[in-house]
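Enquirer: Show me the folded form of this:
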Amino acid sequence: MLFGDDRITCLPMKRELFIHFAFWFSFFVFITLLKHYFSFSYWPFWLGGIVGTLLPDLDHFIYFYFVKPQELTSQRVGYLVGKKEVVRGVELLYETRNERKELIFHSLFFQIIFFILTFWMLSSSGSFFGRGLVLAFALHLSIDQATDLTELKSFDNWLKNSPVNLSFRNAKIYCLATVLLLCIFGFLL
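Expert: Numbering: from 1, shown residues only. So this is what the prediction gives:
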């Protein structure tokens with residue numbers, strides 16, 4: 001991470017942002033082509049997608065400010081933010097994201113509820129901003145699950161405080177099902 005004396009680069013943050021925005025962009029281009037959203041009047045859909053891609057990461061800020069402010073990483077981030085080194089604080093959150101086990105948005109229970117709300121939003125709302133937001137938010141969560149399964153070889157962070165216990169194979173099936181559900185939701189627009 002350190003190059004020279006002072007230059008700090010956060011590859012995990014850049015990599016994660018690239019992955020999320022690449023998948024978001026690809027998915028939204030697919031929907032645009034599929035649904036013929038070529039008019040400029042569909043810009044709120046794209047704006048909602050950008051907001052929805054960034055929103056799930058607020059979970060980490062909620063964790064270090066409200067859920068577990070006494071943890072070492074939370075204190076380190078708070079110290080950096082207090083010194084007005086916000087970028088370094090955000091980088092630290094990305095570097096240590098796998099340490100946080102009790103995230104609110106990044107849980108199986110929240111995701112199931114959110115998919116129900118996503119269906120409701122897509123089927124009953126005319127707001128393209130809202131539709132883009134919920135689709136991108138759900139996509140972000142699915143990408144985070146796939147990342148945990150491929151990098152950590154575990155789904156445990158998503159099952160914390162849950163009575164459900166999934167084997168690795170069933171967790172992979174669940175992740176594939178969420179991606180399939182997102183594709184179906186894309187057709188609903």
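Enquirer: sec struct for the spatially most central residue of the chain, please.
Expert: By CA atoms, centre = their mean, the chain has its centre lying nearest to H140, at 3.4 Å. Assigned by DSSP: H, G, I helix; E, B strand; the rest coil, the conformation of H140 is helix.
Enquirer: go on, F105?
Expert: Per three-state DSSP, the secondary structure class of F105 is coil.
Enquirer: related to what we said a few turns ago, now the residue nearest to the centre of the chain, nearest residue through space, not along the chain?
Expert: Counting by CB to CB, 6 or more residues apart in numbering, H140 lies nearest to P56, which is 4.5 Å off, once chain neighbours are set aside. (Glycine included, C-beta is placed from N, CA and C.)
Enquirer: Is it correct that S162 is in contact with F110?
Expert: No. S162 is beyond contact range of F110, at 10.1 Å (criterion: CB atoms under 8 Å).
Enquirer: Can you name the residues that contact the residue nearest to H140?
Expert: Listed by CB atoms under 8 Å, 6 or more residues apart in numbering, the contact set of P56 reads F105, H106, F137, H140, L141, D144.
Enquirer: how far away is S107 from I31?
Expert: Distance, S107 to I31, using CB to CB, to the nearest Å: 27 Å.
Enquirer: er, G130 actually
Expert: Relative to I31, G130 is positioned 14 Å away (CB to CB).
Enquirer: more neighbours, these two?
Expert: Set G130 next to I31 and count neighbours by other CB atoms under 10 Å: I31 wins out with 21 against 17.
Enquirer: tell me which element that one falls in.
Expert: Per DSSP states H and E, I31 falls inside helix 11-35.
Enquirer: I'd like the next helix or strand past that helix.
Expert: helix 43-54.
Enquirer: Can you show me the helices along the chain?
Expert: Using DSSP state H, the helices of the chain run over 11-35, 43-54, 58-62, 72-82, 86-95, 108-124, 128-147, 156-159, 168-188.
Enquirer: So which of these is the most surrounded?
Expert: Of all the helices of the chain, helix 128-147 carries the top mean neighbour count, a mean of 22, counting by mean count of other CB atoms under 10 Å.
Enquirer: angle of that helix against helix 11-35?
Expert: 130 degrees (axes from the mean of the first three to the mean of the last three CA atoms, to 10 degrees).
Enquirer: same question for helix 128-147, mean pLDDT?
Expert: Per-residue pLDDT values over helix 128-147 give a mean of 94.
Enquirer: Would you mind measuring from the residue nearest to H140 to F40?
Expert: P56 is 28 Å from F40, where distance means CB to CB.
Enquirer: I appreciate the help and will end here.
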